[in-house]
Structures are given as C-alpha cells and as structure tokens.
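Participant: quick one: sequence and predicted model below, then my questions.
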Amino acid sequence: MLSNFCNVHSLQVFLIVGPAFILYGYNQSGLSSLLTLPDMLKYLPQVGSSTIKGVVNATLQLGALVGALSCSKLGDILGRRRTIFIAGILTTIGHILQCTSFSLAQFAVGRVILGFGIGQLSVTGPVWQSECSFSDKRGRRVIAAGIYICVGFALATLPTLFSLMITFSIFTLPESPRWLIQMGHIEEASKTLAWLNDLTVDDPSIQLEVARIESAIEAAPKAPLKDLFSKQDEASIIIQFMQQLVGGNVIATYTKTIFETNLQLKGDLPAILAACSRYASTSYGASIAAAIAMFLPNGFLVVVYATWSS
C-alpha cells in the first residue's frame, strides 16, 4: 500500500483532506468567472438572467446541504472510506455533467450532484482525519486543513483532478478506528491505530486509546437527526447562519460580475481583481496567512514540514 512508504497522516492531508477542501473552495467561487464568458452565454443564454444565475449558483449549496446531512447515516453504515469514495465519484460525475452541458437542466443537475459530493467530503473528511488521530494532535490536524479552502478559492485548474485523486487514493489509507470499534472490529481498530502512530498493537497508549473510544461510543446518545435542531444547539446553528448572512459567499461568487457591471472594468482586470479579493475577503483568516506563506520563498516548505511533522 502507498501509505507504507510515507507518513500516513501526511498522505491523509495531501491525497484526501487537502483535495476535498480545495474542491470546496474552488466550486464555491469557481463559477463566478464562468458565468460571464461569451461561450457560456452562447450555449446557456439563460444564465444572462440574474434570477437564473442565482438559482444555478444555489443548486450547489442545495446539493451540499443534502450531502452533508446524509453523512449522519451513511458514515456509520458504510464507513468513512466508502463514504469518501462515493463522494469522490459524485464530484467527478458532477464536473463531467457540467463540462458537457448543452442545456441549463443538465448543468443544474451537475451542480446538484457536485454539491452532494462536496457536502459529503466536507463532513466525512475531517471526521475521518480526526478519528485517525490521537486526541492531543487532533485539533491541529483538522484546523490546518482549512489552508486548502483558500487554495481552492484562487486555483484555476481542472477540479476533476482532485476528485479523481480522492477516489483512487482513499482505499490506500486506513479506515477510521472509531468506526471499526463501533462495528465491533476491535482487533482491526487496534492494528490501524498502531499503524497510524508507528507503534505496536501491545503498546499501552494504543490499548488506552481503544478503551477511550469504546467508552465514548457507549456514552454517546443515539439521537435522531431532528435532535440536531434542538434548543441546545440553537446557538451554534444561529452562529453558522449569521456567518453566511454576512455575504462572504455571495461576494466570492459574483465578484467578477460586480467589477464588470458596476465598476465598468474591462479586459482581464476584473478576473485578476476577483482572484485577489478572494484572498482578502475569505472568512478563514488563519488559513489566509498559511496560504500566502506557501507562495513566499521557502514558505511552501514550511507548510509542508508543519503538516508532515504533525
């Protein structure tokens, strides 16, 4: 297996979690520049309408919402790796449908399918990564993945490459130890934890972690999906809701259109300014610094080393 030759946690980031968040960032803002292209208006003239343009953009979020909520069941039934694999397939299909679209309906369906896959990746990827980490390193590894959202916002390449990378890489990496224990595969979970942390199965820290996970699973309540919207979670839901209402995603999507229509800028300047604004206006402030560091002299090596050593 590929992960026998490299640090497993680094492979998780560079092959799965990183591409997953790049897809999130790219598809969140990537349509902005496409909607005003002459070829886009030629084949899909309906997007010239601001109402249709808004609906087409919203289909991605609709699919992402359903995909994210589906993970509450699929993640436990299929396991983390299979769920990520399915999400990679769906994002690939979504990209292909959009790239080959000759009708607005096909394009919208492609956006929904793409959103469904991205929603699954956004939920299952960090969960899988965190469950494969010891508690003292879990937070740093998951939070560092936000760097790749900023990379996705500014990236101008074929996002299908990252979907295929996820699809073909996921089964070279281990399953979530927590899910294995939840399914009753204690021995396999112990071997996975030992492999992830370069220890033996008999190591006390491995046995302690297995016992800790078993205890957490036994103590966890079996709550239905509707309980996510209970009064106890009102504060977190309101915070997330208000975060979206500040308009960051809207600006990211329509930046180029604003520069062209409202500010009357011409040529390549609107696209250049739109790319620059995505660095400045994204809500992931801590990730911006790390993303910029990647483009400074030796900055990329610093970020790679930090990810590798974590």
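Facilitator: Alright, I've got the coordinates. Numbering: from 1, shown residues only.
Participant: any idea how far residue 125 is from residue 243?
Facilitator: 20 Å (Cβ to Cβ, to the nearest Å). Just so you know, the C-beta spots here come from the backbone N, C-alpha and C atoms, and that holds for glycine as well.
Participant: okay, those two: which has more neighbours?
Facilitator: Counted by other Cβ atoms under 10 Å, residue 243 and residue 125 do not tie: residue 125 has more neighbours, with 29 against 11.
Participant: which helix or which strand is home to that one?
Facilitator: Element membership of residue 125 [criterion: DSSP states H and E] is helix 104-131.
Participant: report the buried residues of that helix.
Facilitator: 104, 107-131 (16 or more other Cβ atoms under 10 Å).
Participant: for it, name the packing helices and strands.
Facilitator: Helices and strands touching helix 104-131, as assessed by 3 or more Cβ pairs under 8 Å, 6 or more residues apart in numbering; DSSP states H and E, comprise helix 18-29, helix 50-78, helix 80-99, helix 135-144, helix 177-182.
Participant: give me the distance between that helix and the centre of its chain.
Facilitator: 8 Å (Cα atoms, centre = their mean, to the nearest Å).
Participant: and the spatially most distant residue from the centre of the chain, which of the three is it?
Facilitator: Distance from the C-alpha centroid of the chain peaks at residue 202, with 34.9 Å (Cα atoms, centre = their mean). Secondary structure, DSSP: H, G, I helix; E, B strand; the rest coil: residue 202 is coil.
Participant: quick check: it vs residue 10, distance?
Facilitator: 26 Å.
Participant: with residue 196 instead?
Facilitator: In terms of Cβ to Cβ, residue 196 sits 12 Å off from residue 10.
Participant: of the two, who's got more company?
Facilitator: When residue 196 and residue 10 are compared on other Cβ under 10 Å, the one with more neighbours turns out to be residue 196, at 21 against 16.
Participant: so for that one, what's the pLDDT?
Facilitator: Looking at residue 196, its pLDDT stands at 86.
Participant: quick one, phi/psi of it?
Facilitator: Torsion angles at residue 196 (phi, psi; degrees, to the nearest 10) stand at phi -60, psi -30.
Participant: hang on, it packs against residue 174?
Facilitator: Yes: the criterion here is Cβ atoms under 8 Å, and residue 196 meets it with residue 174 at 6.3 Å.
Participant: quick one, the helix holding residue 125 and helix 18-29 angle?
Facilitator: 140 degrees (axes from the mean of the first three to the mean of the last three Cα atoms, to 10 degrees).
Participant: angle of helix 104-131 against helix 80-99?
Facilitator: Using the same axes, to 10 degrees: helix 104-131 against helix 80-99 is 160 degrees.
Participant: what average pLDDT does helix 104-131 get?
Facilitator: Mean predicted lDDT for helix 104-131 stands at 91.
Participant: got the domain boundaries for the chain?
Facilitator: Using automatic domain parsing, the domain parsing of the chain gives 8-173+232-309, 176-217.
Participant: by mean pLDDT, show me the worst of those domains.
Facilitator: Among the domains of the chain, domain 8-173+232-309 scores lowest, with a mean of 76.
Participant: using the three-state scheme, assign residue 102.
Facilitator: Looking at residue 102 with three-state DSSP, the answer is coil.
Participant: wait, it touches residue 45, no?
Facilitator: No: using Cβ under 8 Å, residue 102 is not in contact with residue 45; the gap is 11.9 Å.
Participant: who's more crowded, those two?
Facilitator: Neighbours per residue (other Cβ under 10 Å) separate residue 102 from residue 45, with residue 45 holding more: 11 against 8.
Participant: determine how far the helix or strand hosting residue 41 lies from the middle of the whole chain.
Facilitator: Take DSSP H and E as the rule and residue 41 turns out to sit in helix 38-43. From the chain centre to the centre of helix 38-43 is a distance of 29 Å (Cα atoms, centre = their mean).
Participant: give me the buried positions along it.
Facilitator: So, applying 16+ other Cβ under 10 Å, buried residues of helix 38-43: residue 40.
Participant: what does it contact?
Facilitator: Contact partners of helix 38-43, identified using Cβ atoms under 8 Å, 6 or more residues apart in numbering, comprise 34, 47, 48, 101, 102.
Participant: contacts only, for the closest residue to the fourth one other than its chain neighbours.
Facilitator: Excluding its sequence neighbours, the residue lying closest to residue 101 (Cβ to Cβ, 6 or more residues apart in numbering) is residue 107, at 4.0 Å. Counting by Cβ under 8 Å, 6+ apart, residue 107 touches 44, 56, 97, 98, 101.
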